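S.K.: no FASTA, just this:
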């Protein structure tokens, strides 16, 4: 018998894309767990297992994704690079800021991916 897939972790930014993705994934038979970025995500995720966490709370985001059993994580939705003063990073986030702020979008996502992989 096959083990069910772990929930897909969705870090939700603005717009309908995160909600559409959650609907498609659930229809395929896989559960989702959503981190709705506070003051950024604007969809209604009440039908899904989710938490609302601020962008700069990197340790909390990682901890929630791991606790939910997520092995795969995606970022979905519109996310403009915020001003540094708006991020309010936790200690873990502060360690990543120097790397991420100087990187292009693709490289920044790779840095965050690597951080998540090291956390598991």
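M.R.: Noted; the coordinates are in hand. Not measured: the values here are computed from a predicted model.
S.K.: please name the nearest non-neighbouring residue to residue 75.
M.R.: residue 11 (4.6 Å; C-beta to C-beta, 6 or more residues apart in numbering). To be clear about C-beta, it is placed using only N, CA and C from the backbone, and glycine gets the same treatment.
S.K.: my read is the one you found is in a helix, agree?
M.R.: No: assignment of residue 11 by DSSP: H, G, I helix; E, B strand; the rest coil gives strand, placing it outside any helix.
S.K.: would you agree it is in contact with residue 60?
M.R.: No: counting by C-beta atoms under 8 Å, residue 11 stays clear of residue 60, with 11.9 Å between them.
S.K.: could you check which of those two has the larger neighbour count?
M.R.: Between residue 11 and residue 60, counting by other C-beta atoms under 10 Å, residue 11 is the more crowded of the two (23 against 16).
S.K.: what's the spacing between the more buried one and residue 93?
M.R.: Relative to residue 93, residue 11 is positioned 13 Å away (C-beta to C-beta, to the nearest Å).
S.K.: longest helix anywhere in the chain?
M.R.: When the chain is parsed with DSSP state H, its longest helix is helix 105-119.
S.K.: what is it packed up against?
M.R.: Other elements packing on helix 105-119 under the criterion 3 or more C-beta pairs under 8 Å, 6 or more residues apart in numbering; DSSP states H and E are helix 58-67, strand 72-76, helix 91-101.
S.K.: mean pLDDT lowest where, among those?
M.R.: In terms of mean pLDDT, the lowest-scoring of these is helix 91-101 (a mean of 79).
S.K.: by how many degrees do that one and helix 58-67 diverge?
M.R.: Relative orientation of helix 91-101 versus helix 58-67 (axes from the mean of the first three to the mean of the last three C-alpha atoms, to 10 degrees): 100 degrees.
S.K.: what angle sits between helix 91-101 and helix 105-119?
M.R.: 150 degrees.
S.K.: what's helix 91-101 packed up against?
M.R.: Secondary-structure packing of helix 91-101 (3+ C-beta pairs under 8 Å, 6+ apart): helix 58-67, helix 84-87, helix 105-119.
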